[in-house]
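>>> sequence and predicted structure, then a few things I'm wondering about:
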Amino acid sequence: TKWKGSKARNIGGGFKLFFHSVDGKRDGVGVILKEEYSKSVVEVKRVSGGWVMINVISAYAPQVGCEMEEKGKCWSDSDEVVEGVPTNERLVTGADFNGHVGKGNRGNKEVMGRYSFKERNVEGQMVVDFAKMMEMAVVNTYFKRNEDHRVTYKSGGRCTQVDYVLYRRCNLKEIGDCKVLAGDSVAIQHRMVVWRMVLEVKKRIVRTVRGSVVVKRCWMNGQLLQK
């Protein structure tokens, strides 16, 4: 969030960061790729200070105390970004949604599992509603973990879960695991959420067919006809 602008830069260790920030103070998002994979990036869409897309979407939602108008703008951006990705393409959204989707999944089994944290709040309901509308699932909630591997935000005595991974429901079986790395932190309070995706790579068989062109000749009225 301290960098301003829309850029890509090498950050060392063989990694490259694609980032976007409007004012360099409050918001800002980014996606980090191994440098070898960054060469395969076709397009980066920088939508706002809260959304950047490489078919892996990194997002930051307004905090609980922010105005509803600002939250509405964020979700409007999210709709536009996700709807712009063809439904036959894989789509992962990793975001600090600043909301609690809550324990249990009664009435929401199509978008979440039973293993979340605390009670759902208004912002968490927005996440659930968004997942339903976009036919996605909240990946964090499908894997049984102890509390330390579910908490994504820890500050003093306050522990909560506000960072979620969303994936298309039709491809959910490709997710093999999702957890928080308790000992690692990418920011002062936020902890790293990791997930394992298993994709089936189909081999493309190319068959070479050798053929010949047959030229037929025939005579008619003393003239040679060729087909």
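Sure thing, it's come through. Numbers count the residues shown, from 1 in each chain.
>>> got any ranges where the protein has weak pLDDT?
Residues of the chain meeting the criterion pLDDT under 70: 1-3, 22-27, 40, 42, 45-55, 63-65, 184-187, 201-227.
>>> tell me which residues are up against the longest strand seen in it.
With secondary structure taken from DSSP state E, the chain has its longest strand at strand 175-185. Contact with strand 175-185 is made by 139-140, 142-143, 145, 148-152, 165, 167, 191-198, as judged by Cβ atoms under 8 Å, 6 or more residues apart in numbering. Using the backbone N, CA and C atoms, a C-beta is placed for each residue, glycine as well.
>>> go with 6 Å
Defining contact as Cβ atoms under 6 Å, 6 or more residues apart in numbering, one finds that strand 175-185 is touched by 139-140, 143, 145, 148-149, 152, 167, 191-198.
>>> quick one: distance of it to the chain centre.
Relative to its parent chain, strand 175-185 has a centroid offset of 16 Å by Cα atoms, centre = their mean, to the nearest Å.
>>> tell me the buried residues in it?
Buried residues in strand 175-185, counted by 16 or more other Cβ atoms under 10 Å: Ile175, Cys178, Lys179, Val180, Ala182.
>>> Ser38 reaches Lys16, doesn't it?
Yes - here Ser38 reaches Lys16: they are 4.3 Å apart, a contact under Cβ atoms under 6 Å.
>>> helices or strands next to the longest helix belonging to the chain in the packing?
For the chain, the longest helix by residue count, based on DSSP state H, is helix 68-83. If you count contacts as 3 or more Cβ pairs under 6 Å, 6 or more residues apart in numbering; DSSP states H and E, helix 68-83 packs onto strand 45-48, strand 51-53.
>>> helix or strand right after the shortest one?
To tie it back to what came earlier, the one meant is strand 51-53. strand 56-60 (DSSP states H and E).
>>> show me what that following strand is packed against.
Using 3+ Cβ pairs under 6 Å, 6+ apart, strand 56-60 is in contact with strand 29-34, strand 92-96.
>>> could you export the longest one as CSV, CA atoms only?
Extracted C-alpha coordinates of strand 29-34, given in CSV (Å, rounded to 0.1, in the frame of the first residue of the first chain):
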residue,chain,number,x,y,z
VAL,A,29,-3.5,-4.6,-4.2
GLY,A,30,-1.1,-6.9,-5.9
VAL,A,31,-0.3,-10.3,-7.3
ILE,A,32,3.1,-12.0,-6.9
LEU,A,33,4.2,-14.6,-9.4
LYS,A,34,7.4,-16.5,-9.9
